[in-house]
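Peer 1: quick check, what structure comes out for this input:
(one chain, ligands or ions: 1)
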Amino acid sequence: VAQSNDCTFRTTCPYCGVGCGVLATPDGQGGITVKGDPAHPANKGRLCSKGSSLAETVGLDGRLLHPVIDGARSTWDEALDLTAQKFRETIAEHGPDSVAFYVSGQLLTEDYYVANKLMKGFIGSANIDTNSRLCMASTVAGHRRAFGTDTVPGMYEDLEQADLIVLVGSNLAWCHPVLYQRVVAAKQDRPGMKVINIDPRRTATSDLADLHLMLEPGSDVALFNRLLVEIVDRGLVDEAFVSDSVDGFDKAVEAARADDAAVTGLSDEDLTAFLEMWTGTEKVVTVFSQGVNQSTSGSDKVNSILNCHLATGRIGKPGLGPFSVTGQPNAMGGREVGGLANMLACHLDIENAEHRAAVRKFWDAPAMPEAAGAKAVDMFQRVADGKIKALWVICTNPAVSMPDADAVRDAIAGCDFVVVSDMFATTDTAKLADVLLPATGWGEKDGTVTNSERCISRQRGLLPAPGEARHDWDILSDVGRRMGWTKEFDYQTPAEVFREYAALSGVAAGFGRDFDISALSDLEDADYDGLEPVRWPINAVRTGGRFFGDGKFFTDTGKAKMLPLTHRAPAAKTGPKYPFRFNTGRIRDQWHTMTRTALSGRLSQHLAEPFLEIHPEDAAELGLKPADLVTVESPQGRALLRALPTDRVGRKQVFAPMHWTSEYASAARIDALVRAEVDPVSGQPESKASVVKVTRF
Ligand code: SF4
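Peer 2: Sure, this is the predicted structure:
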């Protein structure tokens, strides 16, 4: 139930894509207590340090409590009229592609749905993209190329049932801690379970691994190509599955044979151990995350993993399969709802005229873009070029988090009209807004999210909206009405939005799409309020379960596709001027640009300030002692960090966490150093392989 008699609410954590259930109890004075929800299938009562500190983050410090225009307090009417007017005028003068929304995997599905509908169906542009582009767009592209749809085949319990878990580019221990705890517990129960960690950097996750492969950054395709060859040479191909359910096998193997695993830099001993363990174990789950996705060959890396699972038929059955873990709480919901510039709602394809016509008819929409819009990096380049003249940033902080962040900050500052909806007035991006709109946040919002295993859960409002803050779906709907679409955006509750979305998924299912929650399209308000966590699909035929165990895929032929792939090195090359490979990532106790987690003093005790991991021999060559200040400089920007000599990183590789902003450490805006080079298929930037020089400060 949503709320028990003692006023405890069942909601979900707003941080990572594990999507843990939280029991939150308001104290009646604006505070809350939290604990893990034992009934939620994702966490079964566990919470990590971030989730268990949520109570420390619900105060009003730094909250934006009323609308602001040009730095002065305004009314909602003034702010929304101005927003609608500026967007209308810009579209009339320069066309629909002169405006854009940049949204967030922190948004709830209902917020995302309304934003996507407004931009794609009514404004008539596909210029809506999301910070999930930085997180997992390569997985989306890889899934779609192999399966025909962006479908996660398995579920968390597969990790517990596996005999071998291969973690690729994933620091699960810090980035998805509760899922990691489930793996730890499963390994304790079944000591025969093995774990391989594939990561150029040794992390907390490596402690659990029976084998850690410190491969060269960006060489994953070569590694999995080598594995595919080994699968074939050992006679481990599932011939019946490949014959009935897979296209492209021969060409994929031919390309794999032509590739060279030497680029991985792995010893023969490590490589052999990996091949033995993977090929010698039936129940393998290969988990992949941002180390795979955030790469100029991210989509190919994903498909190289999928190739191996498809060749062996190891997909869609208990305890085996490829498994992507998402970064954000609702990155999956955003993908499902069409929050990416290259997708329509409900996994329909923007390039498909029949799909476009069906969505247009369903929405009774005046316009529908015929091609993909600007993906994140391209979007901010178009802002810089003056092609996008009105920008609405919702629930995210691109002036810090985008690659080449200084250039993005300058682009936003130079944009004709910028609206920012946020909980906080103090973010680097909020400071650049012409119009600031106060939004509700976790604890106040009401809606749904989808986690990494396709489980839809409710986030529930348990605290009153502070000041004049409003929900994002409500703000977007109001602007839609003020732009002239009164009937189409006449939503009064998130339940109304959700029912419409669920009904649209039934239309999508008519085209053979995977995402189908049509059985929820007639939920009464009370049933929506009480919705239990449920894994999709949710239709008249089935609820939840795995995909693809039956060998049926969502491509035109009904078969999965193996792709011919070849290793490509990261775009930026090290050399005498920039001799270090620059890796970025998270730390355990901070989230994104720290707007919420920095409110908890407890979370700052873990790692209190920005740092640069550097190999001890490189540190010695530079005359660096532990905690010395160093200047880190790339062709894009520079930062000042404290040196942390450690052999967790390889020679000529350095690592820095990406959380700090100008609010907390103005010299440590890490993404200002990151090169804005993207994967050509997914548009996802290469956040883990820029080049820098390091000097003593
Ligand atoms: Fe929240 Fe993720 Fe931690 Fe779960 S694992 S409590 S979803 S941050």
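Peer 1: from here on, just use CA atoms for contacts and neighbour counts.
Peer 2: Noted.
Peer 1: list the contacts of the helix ranked longest in the chain.
Peer 2: Longest helix in the chain, counting residues (DSSP state H): helix 76-94. Contacts to helix 76-94, defined as Cα atoms under 8 Å, 6 or more residues apart in numbering, come from residues 66-69, 96-99, 123, 389-390, 417, 419, 435-437, 478-480, 482-483.
Peer 1: just those residues: which are in helices?
Peer 2: Mapping these onto helices (DSSP H) picks out 478, 479, 480, 482.
Peer 1: helix, strand or coil for the residue located most distally from the centre of the chain?
Peer 2: Seen from the C-alpha centroid of the chain, the residue lying at the greatest distance (Cα atoms, centre = their mean) is residue 623, 38.5 Å away. Classification of residue 623 by DSSP: H, G, I helix; E, B strand; the rest coil places it in coil.
Peer 1: rewinding a little: closest one of the ones in helices among the contacts of helix 76-94 to residue 226?
Peer 2: The shortest approach to residue 226 among these belongs to residue 480, at 52.3 Å (Cα to Cα).
Peer 1: how about the closest one: what's its closest non-neighbour residue?
Peer 2: residue 489 (6.1 Å; Cα to Cα, 6 or more residues apart in numbering).
Peer 1: using the three-state scheme, assign that neighbour.
Peer 2: Taken by three-state DSSP, the conformation at residue 489 corresponds to coil.
Peer 1: go on, residue 256?
Peer 2: Residue 256 - assigned by three-state DSSP - is helix.
Peer 1: other residues contacting stretch 26-43?
Peer 2: 7-8, 10, 18-25, 44-47, 52, 54-55, 58-59, 156, 178-179, 462-463, 533.
Peer 1: among the residues you listed, which are in helices?
Peer 2: Judged by DSSP H, the subset of the contacts of stretch 26-43 located in helices is 52, 156, 178, 179.
Peer 1: neighbours around the third one, how many?
Peer 2: A count of neighbours around residue 178, defined by other Cα atoms under 10 Å, yields 25.
Peer 1: can you check the last one too?
Peer 2: By the other Cα under 10 Å criterion, the neighbourhood of residue 179 contains 26 residues.
Peer 1: surely residue 160 meets residue 181?
Peer 2: No. Using Cα atoms under 8 Å, residue 160 makes no contact with residue 181, being 10.5 Å away.
Peer 1: okay, the ones in helices among the contacts of helix 76-94 in TSV with neighbour count and distance to the ligand next?
Peer 2: Below are those laid out as TSV (neighbours: other Cα atoms under 10 Å; distance: Cα to the nearest ligand atom, whole Å):
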residue	neighbour count	distance to the ligand
478	21	31
479	22	32
480	25	32
482	19	36
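Peer 1: out of the contacts of stretch 26-43, who's near the ligand?
Peer 2: 18, 19, 20, 47, 178 (Cα under 6 Å from any ligand atom).
Peer 1: and stretch 460-472, which residues are buried?
Peer 2: 460, 461, 462, 463, 465, 466, 469, 470, 471, 472 (16 or more other Cα atoms under 10 Å).
Peer 1: do the same with stretch 593-610
Peer 2: In stretch 593-610, counting by 16+ other Cα under 10 Å, buried: 593, 594, 595, 596, 597, 598, 599, 600, 603, 610.
Peer 1: residues contacting it, please?
Peer 2: Against stretch 593-610 from outside (Cα under 8 Å, 6+ apart): 49-50, 53, 56-57, 61, 397, 400-401, 424, 427, 587-591, 641-642, 656-661, 665, 668.
Peer 1: repeat that for stretch 350-370.
Peer 2: Stretch 350-370 has contacts (Cα under 8 Å, 6+ apart) with 117, 120-126, 342-345, 348-349, 371-372, 488, 504, 507-508, 511.
Peer 1: SS state for the residue in the stretch 501-650 of the chain positioned nearest to the ligand?
Peer 2: Going by Cα to the nearest ligand atom, the ligand is nearest to residue 591 of the stretch 501-650 of the chain, at 8.3 Å. Secondary structure state of residue 591, per three-state DSSP, is coil.
Peer 1: which residues touch it?
Peer 2: Applying Cα under 8 Å, 6+ apart to residue 591 gives the contacts 15, 597, 659.
Peer 1: so how far is residue 596 from the first one?
Peer 2: Meaning residue 15. For residue 15, the distance to residue 596 equals 10 Å [Cα to Cα, to the nearest Å].
Peer 1: residue 477 now?
Peer 2: 26 Å.
Peer 1: likewise for residue 456?
Peer 2: 23 Å.
Peer 1: equivalent analysis for residue 429, please.
Peer 2: Distance from residue 429 to residue 596, counting by Cα to Cα: 15 Å.
Peer 1: same deal with residue 608?
Peer 2: 15 Å.
Peer 1: try residue 202
Peer 2: Taking Cα to Cα, one finds residue 202 at 28 Å from residue 596.
Peer 1: coming back round to it: neighbour count for residue 160 and residue 181, which is higher?
Peer 2: The residue with more neighbours, out of residue 160 and residue 181, is residue 160; 24 against 17, by other Cα under 10 Å.
Peer 1: where's the nearest residue to that one once chain neighbours are set aside, which helix or strand?
Peer 2: Once flanking residues are discounted, residue 160 sits nearest to residue 186: 5.4 Å by Cα to Cα, 6+ apart. Applying DSSP states H and E as the criterion places residue 186 in helix 177-189.
Peer 1: could you point out which element follows that helix?
Peer 2: Using DSSP H and E, the helix or strand that directly follows helix 177-189 along the chain is strand 194-198.
Peer 1: show me what that following strand is packed against.
Peer 2: strand 164-168, strand 211-213 (3 or more Cα pairs under 8 Å, 6 or more residues apart in numbering; DSSP states H and E).
Peer 1: quick one: strands adjacent to it?
Peer 2: For strand 194-198, the paired strands and their directions (DSSP bridges) read strand 164-168 (parallel), strand 211-213 (parallel).
Peer 1: sorry, back to before: give me the subset of the contacts of residue 591 touching the ligand.
Peer 2: Among these, proximity to the ligand is found for residue 15 (Cα under 6 Å from any ligand atom).
Peer 1: switch the contacts of residue 591 over to TSV; also include secondary structure, distance to residue 218 and pLDDT.
Peer 2: Shown next, in TSV, are those (DSSP: H, G, I helix; E, B strand; the rest coil; distance: Cα to Cα, whole Å; pLDDT from 0 to 100):
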residue	secondary structure	distance to residue 218	pLDDT
15	coil	27	96
597	helix	31	91
659	coil	23	90
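Peer 1: out of the contacts of residue 591, which is nearest to residue 333?
Peer 2: Distance to residue 333, by Cα to Cα, is smallest for residue 15 among these, at 13.8 Å.
Peer 1: the residue nearest to that closest one when sequence neighbours are not counted: which element?
Peer 2: In space, and not counting its chain neighbours, residue 15 is closest to residue 329: 5.5 Å by Cα to Cα, 6+ apart. Assigned by DSSP H and E, residue 329 falls within no helix or strand.
Peer 1: quick one: contacts for residue 329?
Peer 2: When contacts are counted by Cα under 8 Å, 6+ apart, residue 329 touches 13, 14, 15, 16, 17, 18, 19, 105, 106, 449, 450, 451.
Peer 1: show me what from the protein comes close to the ligand.
Peer 2: 13, 15-20, 47-48, 50-51, 176-178.
Peer 1: what's the domain layout of the chain?
Peer 2: Each domain of the chain is listed here as a residue range: 68-132+330-448+469-518, 136-327+556-561, 580-676, per automatic domain parsing.
Peer 1: how far does the longest one stretch from start to finish?
Peer 2: In domain 68-132+330-448+469-518, first residue to last residue: 40 Å (Cα to Cα).
Peer 1: heads up, I number from 7, so please use that
Peer 2: In the new numbering, first residue 7, that becomes domain 74-138+336-454+475-524.
Peer 1: what distance separates it from the centre of its chain?
Peer 2: Chain-centre distance of domain 74-138+336-454+475-524: 17 Å, with Cα atoms, centre = their mean, to the nearest Å.
Peer 1: before we move on, what about the last one?
Peer 2: What separates the centre of domain 586-682 from the centre of its chain is 21 Å, taken as Cα atoms, centre = their mean.
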